[in-house]
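Sequence unavailable; structure follows:
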């Protein structure tokens, strides 16, 4: 295993610029260095929000973690229909919820009560994208590569979800992924943790809360995400 932060930085940067994959499970750095690489690859771009990963306690235990991981969301990552798969290297997609913050959340703040009171909640689809062949990577590699951040569809109608609700994602009317919202874990704790990690969150930023379901390969077709109380997010996916 290679423990060289600069080598990891150059590997991810080269792969992103050439739009090609590269062999993973090569670099094994601590998370602090992996996040430094992620930040260096940001290049001073505006941050529209963040994405959470590994939000379930089961996944965290599997990875030897006690918290989620995060990636940065840039304005150009917010997509509209039709979504062209040509913008990605090896796209997958998964159903999510997203929260647009109504107020600043400083780094020392802890959310109390229902996390839905922190802002408006929307349906979302995360288009994952990774430079690592076959999505085979170490924890440091996925964090450095912006937690496989590719792009996001974001709904425009606020929701009032409950843990009992389900997210179901269809492609050309075929059910391809589904999961219960309660699988997102303690969202209030995740948001408080994220605010501490990134030095505070700002009103208007969008936080993608992770997925309660498995990611699937993205392919052309009519995408439809069905959520609480008949809510629907739909889009066309093109080659």
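It's in. Since we're looking at a predicted model, the values are computed, not measured. Residues are numbered from 1 along each chain as shown.

Against which helices or strands is the biggest helix by length in the chain packed?
Looking across the chain with DSSP state H, the single longest helix is helix 5-18. For helix 5-18, the elements it packs on are helix 31-42, helix 139-144, judged by 3 or more CB pairs under 8 Å, 6 or more residues apart in numbering; DSSP states H and E. Using the backbone N, CA and C atoms, a C-beta is placed for each residue, glycine as well.

most neighbours per residue, which of those helices?
Compared across the helices and strands packed on helix 5-18, helix 139-144 shows the largest average neighbour count, a mean of 24 (mean count of other CB atoms under 10 Å).

Following the chain onward from that one, which element is next?
Sequence-wise, the next helix or strand downstream of helix 139-144 (DSSP states H and E) is strand 149-154.

Flag the helix or strand of this structure with the lowest per-element mean pLDDT.
helix 57-63 (a mean of 82; mean pLDDT, DSSP states H and E).

which residues are in contact with it?
54, 66-68, 139, 185 (CB atoms under 8 Å, 6 or more residues apart in numbering).

ok, now with 6 Å
54, 139 (CB atoms under 6 Å, 6 or more residues apart in numbering).

Just the buried positions in stretch 65-73, please.
Using 16 or more other CB atoms under 10 Å as the test for burial, stretch 65-73 gives 67-73.

From those, which shows the smallest pLDDT?
Lowest-confidence member of those: residue 67, scoring 93 (pLDDT).

measure residue 70 to residue 210 for me?
Going from residue 70 to residue 210 by CB to CB, to the nearest Å gives 10 Å.

which residues are common contacts for these two?
In contact with both residue 70 and residue 210: residue 52, using CB under 6 Å, 6+ apart.
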